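Asker: What follows is a predicted structure for the sequence shown.
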Amino acid sequence: MPAITVSTAIFLGIQAIIVRFVYREAATQSRFSPLLAAICSLVVAIGAVFLLNSLLVVLLIQAIAIGLYRLGGARTTPAPQ
């Protein structure tokens, strides 16, 4: 079980940024419920911390997922003319 330390506060701050990103992306793509997507991403991240017992691994996985999402989104946008 992860200990509650300063790193927990930092982790929650980073999660707030990630949740805001998920909410913004879901809202711009007109998804059914951006708020639900944001809450789910937070709950899954916190659950993953307890399962994996590591903050850094969860942050690394999220960083890779966001990076892949951004790369995929960059390919689908039309080129400026």
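Answerer: Structure's in. What do you need? Residues are numbered from 1 along each chain as shown.
Asker: okay, and for this structure, where does confidence drop off?
Answerer: 1-3, 74-81 (pLDDT under 70).
Asker: and the residue most central in space within it, what does it touch?
Answerer: Of all residues in the chain, the one closest to the mean position by CA atoms, centre = their mean is Ile18, 4.1 Å from it. Taking CB atoms under 8 Å, 6 or more residues apart in numbering, we find Ile18 in contact with 41, 45, 62, 66. All C-beta spots, glycine's among them, are computed from the backbone N, C-alpha and C.
Asker: Backbone dihedrals for it, please?
Answerer: When read as degrees, to the nearest 10, the backbone of Ile18 gives phi -70, psi -40.
Asker: Can we start the residue count at 11 from this point?
Answerer: Yes, from this point I'll number from 11; that puts the last item at Ile28.
Asker: Next one: it relative to Gln72, how far apart?
Answerer: Look at Ile28 and Gln72: by CB to CB, to the nearest Å, they are 6 Å apart.
Asker: Spit out the residues that contact the two alike.
Answerer: By CB under 8 Å, 6+ apart, the residues touching both Ile28 and Gln72 are Ala55.
Asker: so which pair among the contacts of Ile28 is furthest apart in space?
Answerer: Spanning the widest gap among those are Ala55 and Ile76, at 11.9 Å by CB to CB.
Asker: Would you mind telling me which of the two has the busier surroundings?
Answerer: In this view Ala55 and Ile76 are compared by other CB atoms under 10 Å, and Ala55 has more residues nearby, 20 against 14.
Asker: Please list the residues outside whichever strand or helix holds the more buried one that contact it.
Answerer: In this assignment (DSSP states H and E), Ala55 forms part of helix 44-62. Around helix 44-62, the neighbours that count as contacts under CB under 8 Å, 6+ apart are 11-12, 21, 25, 28-30, 32-34, 36-37, 41, 65, 68, 71-72.
Asker: Go again with 7 Å.
Answerer: Under the criterion CB atoms under 7 Å, 6 or more residues apart in numbering, residues 11-12, 25, 28-29, 32-33, 36-37, 41, 65, 68, 72 lie in contact with helix 44-62.
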